[in-house]
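In: could you work out the structure for the sequence below:
(2 chains)
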Amino acid sequence: MRLVGLRSALAGPFDLVIGHGEAVAISGASGSGKSLCLRMVADLDPNEGEAWLDGRPRAGMRAPEWRARVIYCAAESGWWDASVGAHFQPAQQAAAAALGERLGLAAELFAATVARLSSGERQRLALIRALVRAPAALLLDEPTSALDPASVARVEALLAERLGAGLVLMMSTHDPGQPSRLGARHLVMHAGRLGPP
Amino acid sequence: MNPILLTPRDLAVSALLLVLDAALSVSLRLGLHRQLGVAAARMVIQLLVVGVILHRVFDAASPALTLAVVMLMAAIAAREVAARPEQQLGRFGNLAVAGSAVAGAACLTAVFALTTAIRPVPWYDPRYAVPLAGIILGNVLNAASLALDALLGSVVRERAAVEAQLALGATFGTAMARLARQAIRRGMLPMINQMSAAGVVTLPGIMTGQILAGMDPMEAVKYQILLMFLLAGGGALASVAAVLLAVRLLTDPRQRLRLDRLRPR
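Out: Residues are numbered from 1 along each chain as shown, chains lettered A, B, ... in the order given. Take a look at the predicted model:
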């Protein structure tokens, strides 16, 4: 994935190349522009510049097609139905349950209501919801902020496995150990610009 | 059977009830007598002016004048619809949505009724066109403002849910479908309530008026049924139009959710 001069009135420009199997972890103070940057890559906020995936420009794809291949997971996950199961297509249910088991989620959770989930359960289910759609790139906004250390390790192991299979990963994190545990290139966001740590 | 015509003295006698209201307000210290007086005076003046205008318009029987009166009524209705929601689409977005939805739905319904069911000669005879447009506009106003307020309110509340679907590759139409459906339902509910309560809980105003004016109850009932169908049709059209237009203004060619275009009132 290649970002060329990606910018909005609030953040950027961002120029970045992330290869298949490579991870970039962005840290930085709250409000420095980490989420804005990830949302811009997903094309969820108005922005200028260009993004490329596997040699194809974003402007040449319909926006939903781009977002299906470059999936953004917000720090606060959104749910559009009362039941957890409704967020997974029938063909994805089995894969979702298998990933749930790996992340320490009970199978009953998929039959539960969203309102009953803890914030940590929501965070992991939102990640699973993205992974079962088999994106080429993942944009994760603080994906382990609500998790206990054991769950963090499970999520990181799953991400490392997907990286091994060629996933492009871009994430924000407040966990100082996370970039090195994931073998990620570490960048720091400061006042809407990316720089070395 | 001829209607019993009212004289100014009849009206003066009924105004005694207002004096009673005022006396109650003073003796019970409700503090309402000034408002009551102003509201009553406004009502009398507004209705007298409308009566004079309608008299002139009916006598003139000019298509241009009839159209002008109906357009003015539609513009006032559109302004009401646009002003109601707590959230406002910037750059006159609410006015554009409300204007198209209200004028479009009311015109379609009124012209449909005038050319099929009622058929005055000519079909734009102001004696039929103006009151018909008025009652349809009133209901369309209600439906469109409820639907628009529901949509703009829910999209702000459920931003995360909509964006979660967009982020997973859903089209904007898919991501908004649930909220749009809820908003359209909201706009149409009062109409359904009105139809199911008609005659049992309420005697509709038009029917009451026609019976008092000397019409046979069965004929008045037929008119009322026709009107109810027209109002249901107009209300549904207006709700759907207002919601679909507002959904379009909430997105851009990249199918983003553009809440930056909303301003709290």
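In: now do the helices in chain A.
Out: According to DSSP state H, chain A carries its helices in the segments A:34-41, A:63-69, A:93-102, A:119-131, A:149-164, A:178-181.
In: now the residue lying closest to B:Pro63 once chain neighbours are set aside: how far from B:Leu237?
Out: Counting by C-beta to C-beta, 6 or more residues apart in numbering or on different chains, B:Tyr124 is the residue found nearest to B:Pro63 once chain neighbours are left out, at 5.2 Å. Placement of C-beta: from N, CA and C, glycine included. Using C-beta to C-beta, to the nearest Å, B:Tyr124 is found at 20 Å from B:Leu237.
In: can you check A:Arg102 too?
Out: 52 Å.
In: just to revisit the earlier point, with mean pLDDT, mean neighbour count and distance to chain B added, can I get the helices of chain A in TSV?
Out: Formatted as TSV, these follow (pLDDT from 0 to 100; neighbours: other C-beta atoms under 10 Å in any protein chain shown; distance: least, C-beta to the nearest C-beta, whole Å):
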stretch	mean pLDDT	mean neighbour count	distance to chain B
helix A:34-41	96	25	9
helix A:63-69	97	21	3
helix A:93-102	94	15	13
helix A:119-131	96	21	7
helix A:149-164	96	16	17
helix A:178-181	95	17	22
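In: any chance of CSV for these, columns distance to B:Met71?
Out: As requested, those are exported to CSV (distance: least, C-beta to C-beta, whole Å):
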stretch, distance to B:Met71
helix A:34-41, 44
helix A:63-69, 39
helix A:93-102, 56
helix A:119-131, 50
helix A:149-164, 61
helix A:178-181, 64
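In: of all those helices, which lies closest to B:Gln224?
Out: The closest of the helices of chain A to B:Gln224 is helix A:63-69. By C-beta to C-beta, the value is 48.0 Å.
In: please name every helix or strand in contact with the closest one.
Out: Secondary-structure packing of helix A:63-69 (3 or more C-beta pairs under 8 Å, 6 or more residues apart in numbering or on different chains; DSSP states H and E): strand A:48-53, helix B:159-167.
In: OK, contacts around the residue of the stretch 1-150 of chain B found nearest chain A?
Out: Here the stretch 1-150 of chain B gets closest to chain A at one residue, B:Gly90, 14.2 Å apart by C-beta to the nearest C-beta. B:Gly90 makes contacts with B:261-263, as judged by C-beta atoms under 8 Å, 6 or more residues apart in numbering or on different chains.
In: now do the SS call for whichever residue of chain B sits closest to chain A.
Out: Closest residue of chain B to chain A, C-beta to the nearest C-beta: B:Gly169 (2.6 Å). Following DSSP: H, G, I helix; E, B strand; the rest coil, we place B:Gly169 in the coil state.
In: so who does the residue nearest to B:Pro63 touch?
Out: B:63, B:66-67, B:114.
In: shaky segments in the stretch 151-265 of chain B?
Out: Low-confidence regions of the stretch 151-265 of chain B, defined here as pLDDT under 70, do not occur.
In: what does it put close to chain A?
Out: B:158-171, B:175, B:178, B:252-258 (C-beta under 8 Å from any C-beta of the partner chain).
In: could you find the closest non-adjacent residue to A:Pro135?
Out: A:Ile71 is the one closest to A:Pro135 (C-beta to C-beta, 6+ apart), at 4.1 Å.
In: and A:Ala150, how far from A:Thr144?
Out: 11 Å.
In: now do residue 54, the pLDDT please.
Out: Reading this off chain A. If you check A:Asp54, the pLDDT there is 93.
In: wrong one, I was asking about chain B
Out: 91.
In: quick revisit: which of the helices and strands packed on helix A:63-69 sits most buried?
Out: helix B:159-167 (a mean of 21; mean count of other C-beta atoms under 10 Å in any protein chain shown).
In: what does that helix contact?
Out: Contacts for helix B:159-167 (C-beta under 8 Å, 6+ apart): A:42, A:44, A:64, A:67, A:71-74, A:76-80, A:126, B:155, B:172, B:174-176, B:179, B:255-257, B:259.
In: out of these, which are buried?
Out: A:42, A:44, A:64, A:67, A:71-74, A:77-80, A:126, B:155, B:172, B:175-176, B:179, B:255-257 (16 or more other C-beta atoms under 10 Å in any protein chain shown).
In: please, where are all the strands along the stretch 51-200 of chain B?
Out: According to DSSP state E, counting those that start in this stretch, the stretch 51-200 of chain B carries its strands in the segments B:87-89.
In: show me the helices in it, by range?
Out: B:63-83, B:93-116, B:126-157, B:159-167, B:172-197 (DSSP state H, counting those that start in this stretch).
In: what angle do the second one and helix B:63-83 make?
Out: Here helix B:93-116 points in a direction 140 degrees away from that of helix B:63-83 (axes from the mean of the first three to the mean of the last three C-alpha atoms, to 10 degrees).
In: how close does A:Ala112 get to chain B?
Out: As defined by C-beta to the nearest C-beta, to the nearest Å, A:Ala112 lies at a distance of 17 Å from chain B.
In: ok, that residue - contacts?
Out: A:83-84 are the contacts of A:Ala112 under C-beta under 8 Å, 6+ apart.
In: how close does it sit to B:Asp260?
Out: A:Ala112 is 35 Å from B:Asp260, by C-beta to C-beta.
In: list the buried residues in the helix or strand that contains B:Leu47.
Out: Here B:Leu47, judged by DSSP states H and E, is contained in helix B:33-60. With burial defined by 16+ other C-beta under 10 Å, the residues of helix B:33-60 counted as buried are B:33, B:36, B:54, B:57.
In: check stretch B:23-33 too.
Out: Within stretch B:23-33, the residues that count as buried by 16+ other C-beta under 10 Å are B:25, B:33.
In: kindly check the end-to-end length of it for me.
Out: Between the opening and closing residues of stretch B:23-33 there is a gap of 8 Å (C-alpha to C-alpha, to the nearest Å).
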